[in-house]
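**Q** only geometry, no sequence info:
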């Protein structure tokens with residue numbers, strides 16, 4: 001399932017794909033949630049037995065979404081979806097996608113993450 005970031009209990013232990021939607025209107029949030037759900041089902045079907053991945057949304061500026069923005073030095077929420085991959089359990093690694101977010105982008109970023117082809121930054 002796709003969860004709100006504040007309800008994502010294993011975010012510190014499990015790689016997490018998160019759409020940052022705090023500045024988006026309700027219809028954009030809904031369409032992006034539907035998109036993430038679709039992609040998450042495809043990705044989960046392809047995960048290896050010992051591989052896990054969370055999929056979540058940040059729809060409120062306060063709480064964990066705001067903290068993630070602060071820790072990853074992301075700008076304040078705008079009116080568009082933003083994509084971040086968190087791998088906190090791996091030395092505080094994260095990747096912030098620059099550019100528009102759509103189905104193709106989501107799949108490419110996730111595929112590149114799984115293949116260890118993303119230029120990951122580190123918290124702190």
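**A** Received it, and whenever you're ready, just let me know what you need. If you're wondering where the values come from, they're calculated on a predicted model, not measured in any experiment.

**Q** what lies in contact with stretch 54-73?
**A** 1-8, 10-11, 14-24, 29, 32-33, 36-37, 39-40, 43, 74-77, 84, 86, 94, 96, 121, 123-124 (Cβ atoms under 8 Å, 6 or more residues apart in numbering). C-beta coordinates here come from the backbone N, C-alpha and C atoms, glycine included.

**Q** buried residues in that stretch, which are they?
**A** Neighbour-count burial for stretch 54-73 flags 54-59, 64-66, 68-69, 72 (criterion: 16 or more other Cβ atoms under 10 Å).

**Q** how far off centre is that stretch?
**A** 9 Å (Cα atoms, centre = their mean, to the nearest Å).

**Q** any idea how far apart the tips of it sit?
**A** Stretch 54-73 has an end-to-end distance of 21 Å (criterion: Cα to Cα, to the nearest Å).

**Q** equivalent analysis for stretch 67-76, please.
**A** 11 Å.

**Q** select the longest helix from the protein.
**A** For the chain, the helix that runs over the most residues, judged by DSSP state H, is helix 26-46.

**Q** no more questions from me, cheers.
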